[in-house]
Structure formats: structure tokens, C-alpha cells
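[1] fold the stuff below for me.
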Amino acid sequence: MLFVAICRALSAAPTAEGEVVGELKLFDRNPEFLLPWKLSFAKGSAGEQTFAYKIDTSNTRLVVSGRINPLTGDGSWQIEEGRVDVAVWLGLLAPQLGPILSGASAQGVFIVSGRGTLRQGQALGQVEIKLSDCVLAHAEQGWKLEGIAFKGEFALDLAAVRVISTAPFELTIGTITHPRFGARNLSLHAQLTERRTLKLSDGRIEIAGGEMIIDPAEVLLSPLGIDLNLHINRVGLQDIVLLVPAAGLADARGRIDGVVRAKWSAATDFQVGVGYLELRDDEPTVVRLTPSLGLLTGRLEPFIDFSPYIGKMLGRFIRPENPAYKDLQNVELGKSELRVTSLRVNLTPDGDEKGRSATVQFVAQPMEKGSTVKQVTFDVNVAGSLNQVLKVGMEQEFSIKAY
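    Here you go, the predicted structure:
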């Protein structure tokens, strides 16, 4: 807005030479952060006025030069140099961006270039923004993004306070480190629209030895709202277990495919939409349960009771051990691994024909040599909010069949 006011003042003023200095205040919450600026102007050829606008501090450097016809207000401008320190500006903007970035640190520099025209004192043009090898981290929350790069071109209309993409911008992140998971090679292409939304054309991220691909979508920026369709391909179960510690699995090996809809907004928080997950059949899937005494044996007697057939008195002495009891106990205590033969998770947040928001079908075989239990089947039905569905099943009502 200051640049617009300067252009208007120059177009209204007679041809002159001199300098004007001042301080630019951008954040009311941080009155100590002021950007000193200097405007130099001189006589140009053919009655034009030339000008140079400069901000030069340790964290921000912007040099804009141009020419303007004082009679018509027409002219041109260009950014000769633009550098913005991400670390300083993140600290200033973080309180306005939400709690996830409050206290975060960053390293990197935005490079800004551009040029355009002045029409009756109004500034129009193109701006290019680049960022490379940036790092964003939060020591307290334990996450870190490395190798962040951004490149985008935007059409600028300062009078209308409007910025839109002239082509899809590219955002990439080399590695993502989190206490519960790791990912790499995130890439997104999107455009900033006149409606102040992001039109996402494609997205991809490598995670847990597989990848997630994002369908084209539109992201609301104000208020921020995300609604994405994720295609899951060969994602490793071992990292999913770490990501969802309440899933009832202490360890898992294998890979899954699927499609899941994910939504987020400040009003509703994270939500899981319609989708499904299923095992891949090109490699074995093995799981080990988190120890939970009685999970499988709670409905099973440790001894076989022959009392109904031979009488209670004699039945006291003839009570052979139930061979399935010990085998199932080893499974529920995490001592014996299970080889999963089928797993299917269906997500229906609005309810299926039976009112279920999710169903999980899980069939496995104990891997312990000589086990008398040939197959264990879990049928998990989830009703209510799918915000809890990732705690898949072990805390819900389920049925168990052992053969």
C-alpha cells in the first residue's frame, strides 16, 4: 500500500529531485519492528520522473526502481533486488498462523523479483518468488522439515490488493521428520486463485516405503480448510503402527493400499472421510499384538469341562487343558506373531446400511510352530465419529473366532 501511495504522489507532484525517508510499521503487536525506507526521485528524460524505493535491514532488502510521467501517471517499475529472511519473518507471522508454528524456527531466504507498469498511478505487474534449501523445525514438538523449496509466479495488482498465480507454483520438501513417522520427497503444484483459494493440481509424498498421491482439490485459505482425497500405495504397516500407537499392534510388517478422504479445519479439527484400506498380496503381512490379557482368552476356558457328560464329581478329576487357550494367550500377550491373510477397512463416516461408520475385517494365522489355532478372525464394527477410527478396533466391541 505504501508503494501505491508513493506512485500516486509522484504522479501528482511536479518534476523534482530529492529524498524522503520514513519507517514502515507492519505489525501492531510488535511495535519495535519497524522497516526504515528511503525514496529517492530525480528528473528523467522527456519530462518523466525517476524514482528508487529502498528497504535495507539485516533481515529484509528491497530495491524498487522505476519511472513515471507526472501528467498521465503512466510508467514502469522493476524489483532490482528482493531478499527476505525467513527466520525473522516466521517469528513475526507465527502468532497469526496458528499454534503449530508458534515457537518454530527456520533458516532460509526468499528471493523476490518482478517488473510491471504504472497506469494512472496504479501498479500492475508480475512477481516471482523463490526459496531453496530452507529448514523449518520445532524443537519442542519434535518435527523438522528440510530441503524446502518454492517457486511461483504471480500477477500483482496493488491498487486492488490482489495477487493471483499466473502458472502453478511448485512446493517441494526433501525430508520430513516427526516423532511418529518420517517422509520425504513431498511435491505440490497449485495456483492461487482470485477467490483466495489454492487450486491444487497434483501432490505426492513418499512415506513408509510407499507413497501417497493427492487428487486435484481446492483448499480454502480464509478460513483455512482442507479436504483431500489420498491414494495410498504400498505404505508400510510398520510405520503406520508407530503413527497410530492406539491401534493395538506392537509390531507389523507388510504393505497396504487404499483410498482415504482427509479433512481439516479449525472448527472441526481432523476428520476421516469415506475410504478403504486393504493388504497387498505381493509380500507377507505379519503382526504382533500389544499385550492385552484376556483380549482373546476372556471368553475361553483354560480347561475342557466334561462335567455335563460324566457328572460333576468325576469331572473335577478329568479336566484336560484346552490346547487353544495357551496358543491364544501367547497371541494376545504379543509372544506369538500372526500372519495376516486378509485385512479390509471400510470407512463410511455418514453410516452404511447398518449405521456403521467403519468396519474392519481381519483374518490371521498364528505363526507359532505346532499351534492348535489355525485361524483368528476379528470383526470390528465402529459407530460414531471417525475421529477415533484410527484407534482401530481394539477398544471397540468385536467378535473373535478361533479354529
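
[2] low-confidence ranges in the stretch 1-150 of the chain?
    When residues are selected by pLDDT under 70, those of the stretch 1-150 of the chain lie in 1-16, 27-32, 95-99.

[3] can you pull out the strands in it?
    18-25, 34-43, 49-56, 60-68, 75-85, 105-107, 109-119, 122-138, 143-157 (DSSP state E, counting those that start in this stretch).

[4] how about those in a markdown table, adding mean neighbour count and distance to Arg195?
    C-beta coordinates here come from the backbone N, C-alpha and C atoms, glycine included. Shown next, in a markdown table, are the strands of the stretch 1-150 of the chain (neighbours: other CB atoms under 10 Å; distance: least, CB to CB, whole Å):
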| stretch | mean neighbour count | distance to Arg195 |
| --- | --- | --- |
| strand 18-25 | 11 | 29 |
| strand 34-43 | 15 | 30 |
| strand 49-56 | 18 | 31 |
| strand 60-68 | 19 | 28 |
| strand 75-85 | 17 | 26 |
| strand 105-107 | 17 | 29 |
| strand 109-119 | 16 | 23 |
| strand 122-138 | 17 | 19 |
| strand 143-157 | 17 | 15 |
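
[5] columns distance to Phe181 on top of those, output as a markdown table?
    Shown next, in a markdown table, are the strands of the stretch 1-150 of the chain (distance: least, CB to CB, whole Å):
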| stretch | distance to Phe181 |
| --- | --- |
| strand 18-25 | 41 |
| strand 34-43 | 39 |
| strand 49-56 | 41 |
| strand 60-68 | 35 |
| strand 75-85 | 30 |
| strand 105-107 | 21 |
| strand 109-119 | 28 |
| strand 122-138 | 15 |
| strand 143-157 | 10 |
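
[6] select, out of these, the one closest to Leu237.
    Leu237 sits nearest to strand 143-157 of all the strands of the stretch 1-150 of the chain, at 22.1 Å, using CB to CB.

[7] send the alpha carbons of the helix or strand that comes right after the closest one over as CSV?
    Later in the chain than strand 143-157, the nearest helix or strand by DSSP states H and E is strand 162-165. Coordinates of each C-alpha in strand 162-165 appear next as CSV, following Å, rounded to 0.1, in the frame of the first residue of the first chain:
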residue,chain,number,x,y,z
ARG,A,162,-5.0,-8.7,-5.5
VAL,A,163,-2.4,-11.4,-6.1
ILE,A,164,-3.1,-14.5,-8.3
SER,A,165,-0.9,-17.2,-9.8
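
[8] helix or strand right after strand 162-165?
    Going down the chain from strand 162-165, the next helix or strand is strand 169-177, by DSSP H and E.

[9] that following strand packs against which elements?
    Counting contacts by 3 or more CB pairs under 8 Å, 6 or more residues apart in numbering; DSSP states H and E, strand 169-177 is packed against strand 143-157, strand 182-192.

[10] got TSV for those, with distance to Glu278 too?
    Conversion of those to TSV gives the following (distance: least, CB to CB, whole Å):
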stretch	distance to Glu278
strand 143-157	29
strand 182-192	22
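
[11] so which of these gets nearest Trp89?
    Of these, nearest to Trp89 by CB to CB is strand 143-157, at 13.8 Å.

[12] re earlier: wait, which of the strands of the stretch 1-150 of the chain is closest to Lys369?
    Across the strands of the stretch 1-150 of the chain, Lys369 has its closest neighbour in strand 143-157 (42.5 Å, CB to CB).

[13] what pairs with that closest one, parallel or antiparallel?
    Strand 143-157 has these partner strands in its sheet, going by DSSP bridges: strand 122-138 (antiparallel), strand 162-165 (antiparallel), strand 169-177 (antiparallel).

[14] can I get it in PDB, CA atoms only?
    C-alpha atoms of strand 143-157 as PDB (Å, rounded to 0.1, in the frame of the first residue of the first chain):
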ATOM      1  CA  TRP A 143       9.300 -32.100  14.000                       C
ATOM      2  CA  LYS A 144      11.600 -30.900  11.200                       C
ATOM      3  CA  LEU A 145      11.200 -30.100   7.500                       C
ATOM      4  CA  GLU A 146      14.400 -30.000   5.500                       C
ATOM      5  CA  GLY A 147      15.200 -29.100   1.900                       C
ATOM      6  CA  ILE A 148      12.100 -26.900   1.400                       C
ATOM      7  CA  ALA A 149      12.000 -25.200  -2.000                       C
ATOM      8  CA  PHE A 150       9.300 -22.900  -3.500                       C
ATOM      9  CA  LYS A 151       9.000 -21.300  -6.900                       C
ATOM     10  CA  GLY A 152       6.000 -19.300  -8.100                       C
ATOM     11  CA  GLU A 153       5.000 -16.500 -10.500                       C
ATOM     12  CA  PHE A 154       2.100 -14.200  -9.600                       C
ATOM     13  CA  ALA A 155       0.200 -11.400 -11.200                       C
ATOM     14  CA  LEU A 156       0.200  -8.300  -8.900                       C
ATOM     15  CA  ASP A 157      -2.400  -5.500  -8.700                       C
END
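
[15] ok, and what's touching it?
    Applying CB atoms under 8 Å, 6 or more residues apart in numbering, the external contacts of strand 143-157 come out as 108, 114, 116, 122-138, 162-167, 169-179, 192.

[16] how many neighbours does the closest residue to Ala94 other than its chain neighbours have?
    Counting by CB to CB, 6 or more residues apart in numbering, Ala94 lies nearest to Leu101, which is 4.5 Å off, once chain neighbours are set aside. For Leu101, the count of nearby residues is 17 (other CB atoms under 10 Å).

[17] next one: Asp239
    Residues near Asp239, counting by other CB under 10 Å: 18.

[18] try Pro223
    The number of residues packed near Pro223 is 8, by other CB under 10 Å.

[19] just checking, it touches Ser265?
    Yes - using CB atoms under 8 Å, Pro223 is in contact with Ser265, at 6.7 Å.

[20] JSON lines for the strands paired with strand 143-157, including distance to Lys354?
    Listed next are the strands paired with strand 143-157 as JSON lines, based on distance: least, CB to CB, whole Å:
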{"stretch": "strand 122-138", "distance to Lys354": "43"}
{"stretch": "strand 162-165", "distance to Lys354": "46"}
{"stretch": "strand 169-177", "distance to Lys354": "38"}
